[in-house]
Each structure stands twice: as C-alpha cells, then as structure tokens.
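Undergrad: below are the sequence and a predicted model; questions follow.
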Amino acid sequence: MVTLGIKETIRVALLQEEESGQLRQKLAQEVPLLRDKLVLPENEPVLALMEFVTNYVESVPGCLHLVTALSKEFGFYDYAAPFLHMAEDYFLQPPNALPQDGGLEALLDEAFLAHRLLEEVNDHHIRQLQRPLVPLDMTEANIIVHHLLGDAFATSLEQLVQFAAGQLLGKEYVWDQIRALPGSSRPDTALISSEQIMGPKHSIRLRLSA
C-alpha cells in the first residue's frame with residue numbers, strides 16, 4: 001500500500017532527526033519570532049513544537065486513508081483518486097522545489113502540501129456545493145505550519161497547491177459531474193478537527209490578533 005511507503009518515509013525521517021537534531025535547532029532559533037504568531041508553552045517550547053510537527057507529519061497517512069475509505073463508501077472514489085494520488089506523490093516523489101534530503105524538515109514541507117491540497121479541495125466544494133468533500137478541518141494546523149515554514153516559502157507552496165487543485169476543479173462541467181455522484185447527496189456529518197486527528201495534547205495555538 002502507498003500509505004505504508006509514506007509511513008516508512010516518515011519513520012526514516014524521524015530517525016534522521018533524532019541523530020541530527022537539525023529541525024530542532026532551527027525551531028529553537030526561531031522561537032522568539034514564532035511567539036509573535038503562535039501561543040507557545042513557556043516551558044520547553046521547542047519540545048512542544050517538535051511534538052506538533054511530528055503529529056502533523058504522522059497524520060498524513062491517516063487522513064489519506066480516511067478520504068479513501070469515505071470516497072469508496074459513498075461511491076466517489078474515482079473522482080477523489082487524482083487528489084489522493086497527488087497528495088501521495090508529494091511524499092513519494094516530492095516536487096523539485098522542495099529539499100530532497102528526506103529529513104523531517106523536508107517532510108514537513110511535503111505534509112503541508114498534502115494537507116493543504118485536501119483543504120483546498122474542500123474549500124472548492126464548499127464554494128460550489130455548500131458542503132465539504134470530506135469532513136476534515138485542518139485549517140488551524142495548516143496555518144500554524146505556514147508560520148513554521150516562513151511566509152515566503154509557505155506562500156509559494158500554497159500557490160503550487162492552488163494551481164494543482166485548480167487544474168482539476170476549475171472547469172464548470174466538473175461540478176455537474178460531482179452533483180451526479182452518489183456521495184454528493186449523503187447527509188452532512190460533523191467536521192473532524194485537527195485536534196481530533198493529531199490528538200488533544202498538542203499545545204500550539206494561533207495567537208489571535210488584538
């Protein structure tokens with residue numbers, strides 16, 4: 001299964017991070033700036049950031065599995081498959097614009113692309129059909145990672161995702177086809193939040209503007 005390949009990629013990256021501490025050192029240097037955007041614990045903020053990053057990256061296979069299962073159950077897997085394959089490829093065949101070292105920092109970039117792609121698809125569906133494709137809400141977690149990556153780089157990744165999603169969803173006839181899918185008439189279900197996916201223990205939050 002593709003998700004097993006992703007899980008193995010994550011496992012190797014976590015081992016590399018244990019040995020090198022590369023991402024941990026980078027986050028430690030950025031804590032003062034991050035506090036302007038994020039609410040971090042006073043004690044051991046770097047540990048909290050590392051736990052958040054690890055949970056965020058490790059949540060990708062579960063999210064892809066959930067979308068696959070729901071799309072098959074409700075009869076729209078053929079439609080969802082291109083997005084799933086694209087998200088998988090972000091991990092297994094990263095775009096050239098991303099670092100190729102396979103470390104945890106690189107995987108954070110790839111996880112951001114995968115999660116943002118699913119979010120972008122959901123946003124398109126909400127605009128067109130007044131309902132998401134799948135009941136996933138990773139918005140807050142994705143914004144937090146945007147800040148961790150830095151605005152310039154994260155924005156370039158956002159543009160990559162928006163272009164890719166737009167290529168598949170930008171044509172008007174697509175929405176007539178979607179409305180005809182069996183799953184389009186299923187009853188709405190409560191959104192699954194990033195806290196439910198990543199666990200309630202992570203203590204990183206967005207800092208609200210005054």
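TA: In hand now; what should we look at? Numbers count the residues shown, from 1 in each chain.
Undergrad: grab the longest helix from the protein for me.
TA: Scanning the chain for the longest helix, with DSSP state H as the assignment, gives helix 45-73.
Undergrad: and that one, what's buried?
TA: Burial within helix 45-73, assessed by neighbour count using 16 or more other C-beta atoms under 10 Å, is assigned to 45-46, 48-61, 63-64, 66-68, 70-71. Heads up, the C-betas are built off the backbone N, CA and C, glycines and all.
Undergrad: which stretches of the protein form helices?
TA: For the chain, helices defined by DSSP H occupy the ranges 2-20, 22-34, 45-73, 77-92, 104-129, 139-149, 151-169, 172-179, 194-198.
Undergrad: and the angle for the longest one with helix 139-149?
TA: Here the directions of helix 45-73 and helix 139-149 differ by 130 degrees (axes from the mean of the first three to the mean of the last three C-alpha atoms, to 10 degrees).
Undergrad: what's the answer for the second one, then?
TA: Counting by the same axes, to 10 degrees, helix 22-34 points 100 degrees away from the direction of helix 139-149.
Undergrad: quick check: angle from helix 22-34 to helix 2-20?
TA: Computed by the same axes, to 10 degrees, the angle between helix 22-34 and helix 2-20 is 80 degrees.
Undergrad: which residues touch helix 22-34?
TA: 16-17, 40, 45-46, 49-50, 53, 103-105, 108, 147-148 (C-beta atoms under 8 Å, 6 or more residues apart in numbering).
Undergrad: distance from the chain centre to the longest helix of the chain, please.
TA: In terms of C-alpha atoms, centre = their mean, to the nearest Å, the centre of helix 45-73 is set 7 Å apart from its chain centre.
Undergrad: do stretch 144-161 as well
TA: Relative to its parent chain, stretch 144-161 has a centroid offset of 12 Å by C-alpha atoms, centre = their mean.
Undergrad: could I get that stretch in CSV with only the CA atoms?
TA: Extracted as CSV, the C-alpha positions of stretch 144-161 are listed here (Å, rounded to 0.1, in the frame of the first residue of the first chain):
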residue,chain,number,x,y,z
ILE,A,144,0.5,27.1,12.2
VAL,A,145,2.7,25.2,9.8
HIS,A,146,2.6,28.1,7.4
HIS,A,147,4.2,30.2,10.1
LEU,A,148,6.8,27.4,10.9
LEU,A,149,7.8,27.3,7.2
GLY,A,150,8.0,31.1,6.9
ASP,A,151,5.6,33.2,4.9
ALA,A,152,7.6,33.4,1.6
PHE,A,153,8.2,29.7,1.3
ALA,A,154,4.8,28.6,2.6
THR,A,155,3.1,31.1,0.2
SER,A,156,5.0,29.5,-2.8
LEU,A,157,3.8,26.1,-1.7
GLU,A,158,0.2,27.4,-1.3
GLN,A,159,0.4,28.7,-4.9
LEU,A,160,1.6,25.2,-6.1
VAL,A,161,-1.3,23.6,-4.4
